[in-house]
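Engineer: Here is a sequence together with a model predicted from it:
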Amino acid sequence: MFAICHLSIVPVRKEANDRSEMVSQLLFGEAVEIIDKNKTWYKVKLYADEYIGWVDQKQVVLLSEEERKEYQQNSFQVSTDLLQIALLNGSEMCSLLIGSTLPFLQNKKMCFGGNAYTFEGQSTDSRKVMSGNIVTQAQIFLNAPYLWGGRSPFGIDCSGFTQLVYKLCGIQLKRDANQQAEQGETITFLQESKAGDLAFFENSDGRIVHVGIILDNNKIIHASGKVRIDKIDHQGIFNEEKKNYSHNLRLIKRIV
């Protein structure tokens, strides 16, 4: 059984409880497979990245079998507007954030889960890879506040940031930094990296706990306190404001 997020943004929690840790978020139009139930909660596996967590049943709507097949078989549009308004059933406003999925979009209209939407904003094809736009899309999120589990300009974590930027460029990443580190081709030396590559960083136990997007001129854009640009070298990220290294470099990956 599949469901879909029909609200702007919905928390995905570690346990079936409103007080439980938020481990990720669903954006409008993102689908999930329901793998278990607990009272008013669904345990779900996200269709795009197979991430598992719990969502409130009231914050998603079920897809029919026909809608599920169409969702899985076809490409879809992704909203590229920072914030857009869609009309729900011709009258009510529904806010859509950048990176929202626009399934079944035809002639600016979408229909799923018993609701009809009209979308007037800008979008891009989810399967059209545009690796040259990674840096441009990343800079849209500058100064977005850090939020554990966040995936929007109003609160985002390090891997949510890289995942959302890559989604806008037609590339699907896994959810967490250590999962993303398993994708792509390893770049041996920082000098061989190029803008748009991913840099991963480890903690004192050797676990990958942070990720950012490499820019030109030995710079990196990443979410740490906020989405910011810092210097990077073979040792790691150097914070010029604090005059120290904030993260230790582990490896570099090229996804495209």
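Structural biologist: Good, I have the coordinates.
Engineer: Just list what the helix ranked longest in the chain packs against, helices and strands only.
Structural biologist: As assigned by DSSP state H, the longest helix anywhere in the chain is helix 158-168. Packing partners of helix 158-168 (3 or more CB pairs under 8 Å, 6 or more residues apart in numbering; DSSP states H and E): helix 134-139, strand 151-152, helix 177-180, strand 208-215, strand 219-224. Bear in mind the C-beta positions are built from the backbone N, C-alpha and C, glycine included.
Engineer: Please give the centre-to-centre distance between it and its chain.
Structural biologist: 4 Å (CA atoms, centre = their mean, to the nearest Å).
Engineer: Buried ones in that helix, by neighbour count?
Structural biologist: 158-168 (16 or more other CB atoms under 10 Å).
Engineer: quick one: contacts of that helix?
Structural biologist: Here helix 158-168 makes contact (CB atoms under 8 Å, 6 or more residues apart in numbering) with 24-25, 48-49, 78, 80, 98-99, 124, 126, 133-134, 137-138, 141, 144, 146, 149-152, 156, 172-177, 179-180, 198, 210-213, 222-224, 227, 255.
Engineer: Give me the buried subset of the residues you listed.
Structural biologist: Buried among those (16+ other CB under 10 Å): 24-25, 48-49, 78, 80, 98-99, 124, 126, 133-134, 137-138, 141, 144, 146, 149-152, 156, 173-177, 179-180, 198, 210-213, 222-224, 227, 255.
Engineer: what sits opposite I252 in the beta ladder?
Structural biologist: I187, A199 (DSSP bridges).
Engineer: for L88, that is, sorry about that
Structural biologist: Here L88, judged by DSSP bridges, has bridge partners E92, Y117.
Engineer: G121 contacts S95, correct?
Structural biologist: No. With contact defined as CB atoms under 8 Å, G121 and S95 do not form a contacting pair (11.2 Å).
Engineer: shared neighbours of these two, anything?
Structural biologist: Counting by CB under 8 Å, 6+ apart, the residues touching both G121 and S95 are 84, 86.
Engineer: Between these two, tell me which one has more neighbours.
Structural biologist: G121 (18 against 13; other CB atoms under 10 Å).
Engineer: How much space separates the more buried one from F201?
Structural biologist: G121 sits 35 Å away from F201, taking CB to CB, to the nearest Å as the criterion.
Engineer: What of S8?
Structural biologist: 31 Å.
Engineer: More neighbours: which of the two?
Structural biologist: Set S8 next to F201 and count neighbours by other CB under 10 Å: F201 wins out with 25 against 18.
Engineer: quick one: what helix or strand has that one in it?
Structural biologist: Element membership of F201, judged by DSSP states H and E, is strand 198-202.
Engineer: How far does that strand sit from its chain's centre?
Structural biologist: 17 Å.
Engineer: Make residue 1 into 55 and carry on from there
Structural biologist: Sure, I'll start counting at 55 from here, so that last one is strand 252-256.
Engineer: Run through who's touching it.
Structural biologist: Contacts for strand 252-256 (CB under 8 Å, 6+ apart): 216, 231, 234-235, 238, 244, 247, 262-268, 274, 286, 290-291, 301-309.
Engineer: That one relative to helix 212-222, how many degrees between them?
Structural biologist: Computed with axes from the mean of the first three to the mean of the last three CA atoms, to 10 degrees, the direction of strand 252-256 lies at 170 degrees from that of helix 212-222.
Engineer: Compute the inter-axis angle for strand 252-256 and strand 273-278.
Structural biologist: 50 degrees.
Engineer: What residues are bridge-paired with the residue lying closest to L100 once chain neighbours are set aside?
Structural biologist: Nearest non-adjacent residue to L100, counting by CB to CB, 6 or more residues apart in numbering: V86, 5.4 Å away. According to DSSP bridges, the partner residues bridging V86 are A57, L100.
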